[in-house]
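> what shape does this take:
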Amino acid sequence: MTAEPKKYEGWDDGELVISFQQYADIRAFEEIYKRYWFKLYNVARAKTNYPDEAEELIQTIFERLWINREKAVILNIGAYLAVSLRNILLDYQRKLQTAEKFRQSLQPNPANNTTEEAVNHAMLLRSIESTLQELPGKTQTVFKLSRYENKSVREIADKLDLTEKAVEYHITKAIKLLRQRLKGYLTFLF
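Numbers count the residues shown, from 1 in each chain. This next block holds a predicted model:
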């Protein structure tokens, strides 16, 4: 018994793209994945320095490629994936910067703060945590993913298997409670 030849082995990238876009051919898509995954992963890993993060970013690229296959205009799959990688890495860097700014805003700067400001800051952090503990578990999780890990509404919805509206509801609920409970800290924050 001889092994069946691989159908897509001799196909060029253009033929694969046409097959997966027009006919939702999963095997053609898998062939594109096999051809490009490792190259994209190596670039992502070099830029993020975290193998797990790099894998997740590349997975996101291919998920979006499949989901958007019918409306995407792909003239060169290699170039299309390279641009997708560049864009997702830019988003990743922006999220890291935003998360870092948020973390830094929560850290007191001993050189610039008085003892009173340091005490107020510590009290604020405790108040935030205790207020978050009052929320239902899912609302806490959604809020922390949104504000501490800087995940988008869509990413949270996908991760927790919720609708985007449900994620927005949980975030709004958490912010509303925090505003109510932390009114006295508003002058400290601003």
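
> now for residue 67, how many residues are close by?
10 (other Cβ atoms under 10 Å). Yep, even glycine has a C-beta here, placed from its N, CA and C like the rest.

> and what of the one 3 residues further on?
Neighbour count for residue 70, taken as other Cβ under 10 Å: 8.

> my guess is it meets residue 21, correct?
Yes - at 6.7 Å, residue 70 and residue 21 qualify as touching, with contact defined as Cβ atoms under 8 Å.

> all strands of the protein, in order?
Across the chain, reading from the start of the chain, there are no strands by DSSP state E.

> related to what we said a few turns ago, common neighbours of residue 70 and residue 21, please.
Common contact partners of residue 70 and residue 21 (Cβ atoms under 8 Å, 6 or more residues apart in numbering): none.

> now the longest helix seen in the chain: average pLDDT?
Counting residues, the longest helix found in the chain (DSSP state H) is helix 77-106. Mean per-residue pLDDT for helix 77-106: 86.

> which ones are touching the nearest residue to residue 143 once chain neighbours are set aside?
Leaving out its chain neighbours, the residue that sits closest to residue 143 by Cβ to Cβ, 6 or more residues apart in numbering is residue 174, at 3.8 Å. Residue 174 is in contact with 132, 135, 139-140, 142-143, counting by Cβ under 8 Å, 6+ apart.

> 6 Å instead, please
For residue 174, the contact set (Cβ atoms under 6 Å, 6 or more residues apart in numbering) comprises 135, 139, 143.

> tell me which of these has the lowest pLDDT.
Looking across those, the weakest pLDDT belongs to residue 135, with 83.

> and for that residue, the neighbour number?
Using other Cβ under 10 Å, the number of residues around residue 135 comes to 17.
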